[in-house]
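Participant: sequence-free structure coming up:
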């Protein structure tokens, strides 16, 4: 029964990976700027609501099992969904126009963020050798 609870939680984590990634790599957007921003925000909010709803239900179900050790929820392989977003401030390409350094591409910034801030990912993803560094982000930025 404990293994079944863990499998359900892990299946949910896989299903809601994008919503979790978005929550831990929060990008503020102005929903009034254009229709695309409003649409992205709407779908991001739906993904987050589904993640929180299902994750909380599965945790309650697991804890209702007398044999389920509560300490298992502290294992790094089981996510803790943050209540608050972990904001990420990207580089502004307009800085170059003012004589500042050239801005990195969004894809490069996302890869760098995962590499230098692994606590947001709650996984041991920090590479100790440059040749094994993650070269791309498997999570889609679109919905």
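Facilitator: Alright, I've got the coordinates. Model, not experiment: these values are computed from the prediction. Numbers count the residues shown, from 1 in each chain.
Participant: what number of residues lie near residue 25?
Facilitator: Taking other C-beta atoms under 10 Å as the criterion, the count of residues near residue 25 is 19. Placement of C-beta: from N, CA and C, glycine included.
Participant: for it, give me its contacts.
Facilitator: If a contact means C-beta atoms under 8 Å, 6 or more residues apart in numbering, then residue 25 has 86, 88, 110, 113, 114, 120 as its contacts.
Participant: lowest-confidence one in those?
Facilitator: Lowest pLDDT of those: residue 120, 51.
Participant: ok, and for stretch 85-93, which residues are buried?
Facilitator: Of the residues in stretch 85-93, those buried by neighbour count under the rule 16 or more other C-beta atoms under 10 Å are residue 91.
Participant: ok, residues contacting it?
Facilitator: Applying C-beta under 8 Å, 6+ apart, the external contacts of stretch 85-93 come out as 23, 24, 25, 26, 27, 28, 103, 104, 106, 109, 113, 120.
Participant: what's the most distant pair in those residues?
Facilitator: 23 and 103 (24.6 Å; C-beta to C-beta).
Participant: of these two, who's got more company?
Facilitator: When neighbours are counted by other C-beta under 10 Å, residue 23 comes out ahead of the other of residue 23 and residue 103, with 22 against 15.
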